[in-house]
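I'd like to go over a predicted model; first the sequence, then the structure.
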Amino acid sequence: MASAAAQSEPDQRARPSASDTAGAGQSGVRGSPKSRAMIRLTGVTKIYRMGEIELRALDRIDLSIAEGELVAIMGPSGSGKSTMMNILGCLDIPTDGVYELDGIDVGRRSDNELAAIRNTKIGFVFQSFNLIARTNAQRNVELPLVYAGIHDRAKRARGALEKVGLANRAKHLPNELSGGQQQRVAIARALVTDPAMLLADEPTGNLDTVSSMEIMKLLVELNDSGRTVVLITHEEDIARFAKRIIRLRDGQLVSDEAQEERSGFES
Ligand code: ADP
Ligand code: MG
């Protein structure tokens, strides 16, 4: 936390303990009260400068997301969703403010350190799947393990494909799979490093309704087994699967609501 009061607390208060609440001391922040913060944004601001013009893509965002949450970030085009995704994913750093991911102050890290944080802490899922076309499902899933220098890749990749229900498609090329199956391979690839959180940017944006529902059920299942999931979407039907919806407008956080009843499955 950035406040002078927090910093002047005695040492034993300086490090959050496992029993700390996610949004301790921050009003209006709802999270699972028993979990620690996976994501903590304090006054996060992103300014794009183009010559004389300054554009405030994110404006003093305070936000805490606890371990094990399933959160949707929504907002109209231009509201700052992609900018938020880039910052949460350690692809970019804030102009101002502090981003802590799993207790690490991301803004103070070098590019190499950021890459290492990305590889170990975050599993990315993109709208366009981003699979390598000439490489089968299993090899696609193994790829992050290659970058991370992890052995035992084939076994782990098969395990991840099993989790998404595609063990029997391991040798298929992306173009031999449906869109929904390709996205499941992409989710297996995101899971294979056992990341602290899944960060999904419009994961159903290229899918038909049936496949979209399958992908959302899978993300909910993964979340039910404890994985933190942050989902960026502009579709209300997709956001309904989340336990909490955060809305951005013009770079500002305009609402943050827990959904008592997830209605995604009833439709
Ligand atoms: P969204 O994903 O919600 O559509 P973005 O985060 O892409 O919103 O954009 C937020 C604002 O920041 C928009 O006004 C956009 O034009 C601007 N913006 C985004 N990326 C850049 C950039 N690299 N340089 C300058 N302006 C940008
Ligand atoms: Mg965008």
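Yep, that arrived. Ligands and ions are numbered 1, 2, ... in the order given.

do I have it right that Thr204 meets Ala239?
No: counting by Cβ atoms under 8 Å, Thr204 sits too far from Ala239 to count as a contact (10.8 Å). Yep, even glycine has a C-beta here, placed from its N, CA and C like the rest.

rounded mean pLDDT for stretch 172-183, please.
Averaged across stretch 172-183, pLDDT comes to 97.

just to revisit the earlier point, what sits in contact with each of Thr204 and Ala239?
Both Thr204 and Ala239 are contacted by Thr233, under the criterion Cβ atoms under 8 Å, 6 or more residues apart in numbering.

need the pLDDT of Ala148.
84.

for it, give its distance to Val220.
27 Å (Cβ to Cβ, to the nearest Å).

just give the nearest non-adjacent residue to Ser255, would you?
Arg247 (4.4 Å; Cβ to Cβ, 6 or more residues apart in numbering).

what's near enough to touch that neighbour?
So Arg247 contacts 73-75, 253-256 (Cβ under 8 Å, 6+ apart).

let's see which of those residues end up in strands.
Members of the contacts of Arg247 lying in strands (criterion: DSSP state E): 73-74, 253-256.

any weak-confidence spans in this protein?
Regions of the chain meeting the criterion pLDDT under 70 cover residues 1-35, 261-267.

find the closest residue to ligand 2 in it.
Ser82 (3.3 Å; Cβ to the ion).

burial of that residue, as a residue count?
The number of residues packed near Ser82 is 16, by other Cβ atoms under 10 Å.

if I look at it, how far off is Leu219?
Taken as Cβ to Cβ, the span from Ser82 to Leu219 is 19 Å.

now Val141
Separation of Val141 from Leu219 (Cβ to Cβ): 17 Å.

look at these two and report which has more neighbours.
Val141 (30 against 23).

where's the more buried one, which helix or strand?
Applying DSSP states H and E as the criterion places Val141 in helix 137-147.

lovely, talk soon.
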